[in-house]
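**Student:** got a sequence here, can you build the structure:
(chains A, B, C and D)
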4 protein chains.
Amino acid sequence: MKMKKVAIVGASGYSGEVLVQLLLNHPHAELVAVTSRQNVGQTLAQIFPKFASHPKSKTLQFTEPNAEVLAKQAEVVFLALPHGVAAEYAVPLIKAGCVVIDLSADFRLKRADIYKEFYAHDHPAPELLKQAVYGLPEIYRDDIKKSLLIASPGCYPTSILLPLIPLLKAGLIKPEGIIADSMSGVSGAGRKAEIDYLFCECNESVRPYGVPKHRHLSEIEEQLSFAASTKVTIQFTPHLIPVNRGILTTLYITPSEKFNDAAGADALGKKIAEGYAKAYANEPFVRLLEGKALPDTKNVVGTNVCEIAWRLDPRTGRLIVMSAEDNLVKGASGQAVQSMNILCGWPETAGLV
Amino acid sequence: MKMKKVAIVGASGYSGEVLVQLLLNHPHAELVAVTSRQNVGQTLAQIFPKFASHPKSKTLQFTEPNAEVLAKQAEVVFLALPHGVAAEYAVPLIKAGCVVIDLSADFRLKRADIYKEFYAHDHPAPELLKQAVYGLPEIYRDDIKKSLLIASPGCYPTSILLPLIPLLKAGLIKPEGIIADSMSGVSGAGRKAEIDYLFCECNESVRPYGVPKHRHLSEIEEQLSFAASTKVTIQFTPHLIPVNRGILTTLYITPSEKFNDAAGADALGKKIAEGYAKAYANEPFVRLLEGKALPDTKNVVGTNVCEIAWRLDPRTGRLIVMSAEDNLVKGASGQAVQSMNILCGWPETAGLV
Amino acid sequence: MKMKKVAIVGASGYSGEVLVQLLLNHPHAELVAVTSRQNVGQTLAQIFPKFASHPKSKTLQFTEPNAEVLAKQAEVVFLALPHGVAAEYAVPLIKAGCVVIDLSADFRLKRADIYKEFYAHDHPAPELLKQAVYGLPEIYRDDIKKSLLIASPGCYPTSILLPLIPLLKAGLIKPEGIIADSMSGVSGAGRKAEIDYLFCECNESVRPYGVPKHRHLSEIEEQLSFAASTKVTIQFTPHLIPVNRGILTTLYITPSEKFNDAAGADALGKKIAEGYAKAYANEPFVRLLEGKALPDTKNVVGTNVCEIAWRLDPRTGRLIVMSAEDNLVKGASGQAVQSMNILCGWPETAGLV
Amino acid sequence: MKMKKVAIVGASGYSGEVLVQLLLNHPHAELVAVTSRQNVGQTLAQIFPKFASHPKSKTLQFTEPNAEVLAKQAEVVFLALPHGVAAEYAVPLIKAGCVVIDLSADFRLKRADIYKEFYAHDHPAPELLKQAVYGLPEIYRDDIKKSLLIASPGCYPTSILLPLIPLLKAGLIKPEGIIADSMSGVSGAGRKAEIDYLFCECNESVRPYGVPKHRHLSEIEEQLSFAASTKVTIQFTPHLIPVNRGILTTLYITPSEKFNDAAGADALGKKIAEGYAKAYANEPFVRLLEGKALPDTKNVVGTNVCEIAWRLDPRTGRLIVMSAEDNLVKGASGQAVQSMNILCGWPETAGLV
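**Tutor:** Numbering: from 1, shown residues only, chains lettered A, B, ... in the order given. Model (predicted):
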């Protein structure tokens, strides 16, 4: 099979780095260009010593990002850029016939006004919003196949949407009153020189932030609303914890069906188990935990897997669902590669673990 | 002022170690005995090199725990023992006229049947339950003054009760539907040789556990029920995170008064601020955060302080309250010393920071 | 190409876990048996949730270790057992015609008396010592090809021998007075339930241990003596640092040639660079760093690569060489797989990164 | 006793923060001014929430550093500034009659040419070099008493000089060939917004840096030369490890007396033990470890103590000495306060643990 040429715009951040790793080792994609304003002229090996054993690392140099040039080099272009900036590149690249897989927030929402509410500036390319597909493969696989612009989901949203969407779609849970409590590793903050993310400021520390209206709520609620066919508003609290990678989300949910004892929990539990099995039993990157197992980020870091477990509490009548993922893989770059695999007609797991 | 003689039974665990530290340096208490079955005959300096600069560390040796002997040596005895075991020592020590400050769960509940439900064995000394005072000084200061048996609260309960009790008492929040999501450092698991708490099993990991019915729920719900004058059932999910010390709790609460816009939030916010100020403005160990500040365990570790901040979310109508404490200090040994200070008529902050 | 059947004896420790990971994903080897006394009857997925996405993880169950049974199942058997125990399995397996790759210390030394001096018990199978090949592929590749018993090197030795052997062989450095100062992650201590390796005992801590006569000195000095053709005695100090994986070794060496200024350093530096290039320029798993780069464990963790950099100090006349490796991969399981690849005639990098 | 007024110039870095903590709680010093260009107008409580429980934290505001103003406010001024900048304040403050305790490198050397060699700019106030006392109390206690300008030692130098000076002075070790291998926590790099010190760049990483000519060598070698009465050149390699605070140094030394067996080691060991006991047995902040104990940074972090242990290796004829300290306390701010205590005639341990 001929290798497809791919490029990464903004390859020096943490999700850019994971993209480089995945694409250097992908069986069907050939990484032909990496851009980074501050590293122009340097090789991959110089900026990422960990990739230095790969033959391409010594020759592939960072270039200035230039849509026109990239469009000639690559068929698929990944954008690992800040929101607002990504759209600048997406527009000309799509016009030039490239497939664009955008890891920023720029094309995740359908409504430009919601974008403005949460990101505090006008949407830079509202005309493309309709065309973009939200790149959550387990939910939008068929749309991804036909799309030229993938809006790859955020890390928190992935950890929240994968557990909730099947239950909402099946009507097993109420769309009201959902709470998502998340803990994220520090790589989620990006490779930015800020005091707040210094080792000594994060180590031996845990803290909430962005309370109560984090930007990711916009895409979370839009997607949940689609799944529930009604407007969904949720509570979301992110916390920063001292790990490099990993997000653990605990969801508090009211089932549609009431229960208040073990028997009721058993009966309802069967339906929830069936709902999840129907949605995910054959998904390569969703792992439904069994027995006493609970999610643990250390079991998913470095992989594209999202672990899910749940418990019913007869004392409170609530369903608690817990998920774990690697924020840089399933929550960012791995999921973007998964979308590329689908879109290009390759095995969905190609180049991913 | 004459020094009061104090002893620690079970001084080799993590809360025992912090008790040693606090009592070695206490201005009014003299540590005269430390017990630990596995360390009999060894000095404090040998077991805890970090205390080796204290003159007493070279002479004070660990002994076998023996209530009769301890009763002759000390006026105040701290029990840092597993639940079920603590009661064995409390009974004879109290009979012998000692003040007992118990850091285990043995005397925290008023009802022996609830104890059995959560701890899976009969209560070892139900006759003492009535006599014990729940050692949360900000709530039970007057009772502590008159008590001979202090049941010092658990680490999670402290982080949950301090934020909730004033609001429940003031009728500002509904007693139904409360959710407590907590993250704890690994010292909360104790100094036990178990695979689960090895460095490599905890580092680069975050995981929930004890879902949905953790033992600490028993004392949390009993105390909340007292505050609300009605039976309170809450949802509580603890998570283990890779820090040595610290608990961060995020509480999801429905205020008694509805609000759905910024104006409503402002009006209600004033009442909540007043409620907290009334309860805690003069408390030396509760820090009400102002402005944009949110709790961070790194700001309380090593101190007896519990930080509290809150936000109202007009999108969901919920109140989110966040607290941070050192699980071994305000969540265990510091709070126990605070109770001793009150009980002995010393300044409440003596020997504490 | 037909898959070769392989087994792991002692697959529940940290190096066993990495072996499982590497062999589950190896292109030419099929993992057919894993043993672990304490996990008999459990599947790989139950003990290692992180491997649960691999189809084989749900069916492959841990068994009691039994050499006779293993010899029928597998052609290559990896022993990830404590020293002293490994030999018990190696003897019957070799007799039965299996290739044995032993990750313990049992067959690393040529002399049984040195084994006894450092391991404090008689060697359990001295007759096999001559037959065993020290599995450091960069040095013993040709011998590995022909061997049936590979003694895979220890983690510290690998980090010390790879930098030193080429220089000793080339006569560029003096065999006297070498000092190796090493820092290791906690996984080096194994998955053992001991207080010393609890999270809270290792986190925010750095400490030396095994000073001045660590067991690994025996194999280090034997191998250095072979390289130098004279008896070599070195100074070695290991330190425990709070990372999961990784060893960083700093070596202090006296070059054979004196120098005391920048010009002398330049001249000598050329020879050292040539010596290293000659030895390692084409080695897939040794990375010679260039320019200002210095080794960093984060650039090798998860890979089979050993990074090496060096500096000459005209102020002291010394050569400082620094190396970094993943103690569980190049320092243990990855190197063992590398030996298997060589031995089986597969590409040396098969299944390794 | 009347409180002495003290000020801190540059109070927002890590050593500034520890100075604030120590001085807020000092029994004889009153913190009257803190400066920080970027925090002018903010209170201590706003910048350091952890000090918010101290009454003074709400009123003491950061000001612009101004020597004239400071000289009127305070009798003792601590400078926690970068090298080169500190001297600018020291000169006018001393002229105005203040005692200056400088934590930078500006006054640690006696020779301005050595300063220029290592710090790459002309010394800003060479006329003060003679007047300054190197603030290592265990060595220069008597000089500190009479000085008005204390050059408080660097963190690495303290961990190297305390173990070496008594042995050099007693002639027990050779001044040639000494090697110091050190590991430091990340706070040693300061509170600077640089990519290299982000959590994700330091966590799960260990790396050497500044090889082979770190700036601290200048003061280390000058002090060792004074102790040995001959020019001493040493090898020094610092490493960065993922802890917040703490330095562990391992020293490789050739004793003056040869030995090559256990009996020789015993005989020499007695002399070394005596040498250390003579120097440090009564020192409150040096802890000579006994028996099998080895230094561990977790036993000294948060204290002004330096732990020292040593071993003789009959195999190599070397003496290995290991030390542990908190780089921000004994390695910086605690030691500075210790000097202040001596200089002011207070108990040397006042305000320190």
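
**Student:** span of stretch A:306-322 from start to end?
**Tutor:** Criterion CA to CA, to the nearest Å; first-to-last residue distance in stretch A:306-322 is 10 Å.

**Student:** is chain C contacted by it?
**Tutor:** Yes - using CB under 8 Å from any CB of the partner chain, we find that stretch A:306-322 touches chain C at A:E307. No exception for glycine: its C-beta is placed from N, CA and C like everyone else's.

**Student:** again, but for stretch A:51-59
**Tutor:** Yes - shown here: stretch A:51-59 in contact with chain C (CB under 8 Å from any CB) through A:A52, A:S53.

**Student:** contacting residues around that stretch?
**Tutor:** A:20-21, A:24-25, A:31, A:43-45, A:48, C:284-285, C:287, C:299, C:303, C:305, C:353 (CB atoms under 8 Å, 6 or more residues apart in numbering or on different chains).

**Student:** now go through those and say which are in strands.
**Tutor:** Assigned to strands by DSSP state E, the following of the contacts of stretch A:51-59 qualify: A:L31, C:R287.

**Student:** what two of the contacts of stretch A:51-59 are the furthest from one another?
**Tutor:** Of all pairs drawn from the contacts of stretch A:51-59, the widest gap by CB to CB lies between A:L31 and C:F285 and measures 22.3 Å.

**Student:** other SSEs contacting the longest helix anywhere in chain A?
**Tutor:** For chain A, the helix with the greatest residue count under DSSP state H is helix A:262-280. Helix A:262-280 is packed against helix A:155-169, strand A:286-288, strand A:306-313, with contacts defined by 3 or more CB pairs under 8 Å, 6 or more residues apart in numbering or on different chains; DSSP states H and E.

**Student:** does chain D sit close to the next helix or strand after the longest one?
**Tutor:** In other words, helix A:155-169. Counting by DSSP states H and E, the next helix or strand C-terminal to helix A:155-169 is strand A:179-184. No - on the criterion CB under 8 Å from any CB, strand A:179-184 is out of touch with chain D, staying 11.8 Å away.

**Student:** which parts of stretch A:169-177 are buried?
**Tutor:** Judged by neighbour count using 16 or more other CB atoms under 10 Å in any protein chain shown, the buried positions of stretch A:169-177 are A:K169, A:A170, A:L172, A:I173, A:K174, A:P175, A:G177.

**Student:** and chain D, which of those residues contact it?
**Tutor:** Within the buried residues of stretch A:169-177, nothing lies near chain D by CB under 8 Å from any CB.

**Student:** and of those, the nearest to chain D?
**Tutor:** Comparing the buried residues of stretch A:169-177 against chain D with CB to the nearest CB picks out A:G177 as the nearest, at 32.5 Å.

**Student:** the closest one against A:S256, yeah?
**Tutor:** No - judged on CB atoms under 8 Å, A:G177 makes no contact with A:S256 at a distance of 12.0 Å.

**Student:** remind me what the host helix or strand of A:M322 packs against, helices and strands.
**Tutor:** Using DSSP H and E, A:M322 sits within strand A:318-325. Contacts defined by 3+ CB pairs under 8 Å, 6+ apart place strand A:318-325 against helix A:155-169, strand A:247-253, strand A:306-313, strand B:235-240.

**Student:** now do the contacts for A:E88.
**Tutor:** Going by CB under 8 Å, 6+ apart, A:E88 touches A:A67, A:P124.

**Student:** what parts of the stretch 51-200 of chain A come near chain C?
**Tutor:** Going by CB under 8 Å from any CB, the residues of the stretch 51-200 of chain A near chain C are A:A52, A:S53.

**Student:** if I look at A:E348, how far off is chain C?
**Tutor:** 13 Å (CB to the nearest CB, to the nearest Å).

**Student:** before we move on, what about A:A309?
**Tutor:** 10 Å.

**Student:** give the closest residue to that residue in space, chain neighbours not counted.
**Tutor:** For A:A309, ignoring the flanking residues on the chain, the nearest one in space by CB to CB, 6 or more residues apart in numbering or on different chains is A:L289 at 4.0 Å.

**Student:** list the contacts of the one you found.
**Tutor:** A:P295, A:E307, A:I308, A:A309, C:P49.

**Student:** residues near the closest residue to the last one other than its chain neighbours, how many?
**Tutor:** Read it as C:P49. In space, and not counting its chain neighbours, C:P49 is closest to A:N299: 4.5 Å by CB to CB, 6+ apart. In terms of burial, A:N299 registers 23 neighbours under the definition other CB atoms under 10 Å in any protein chain shown.
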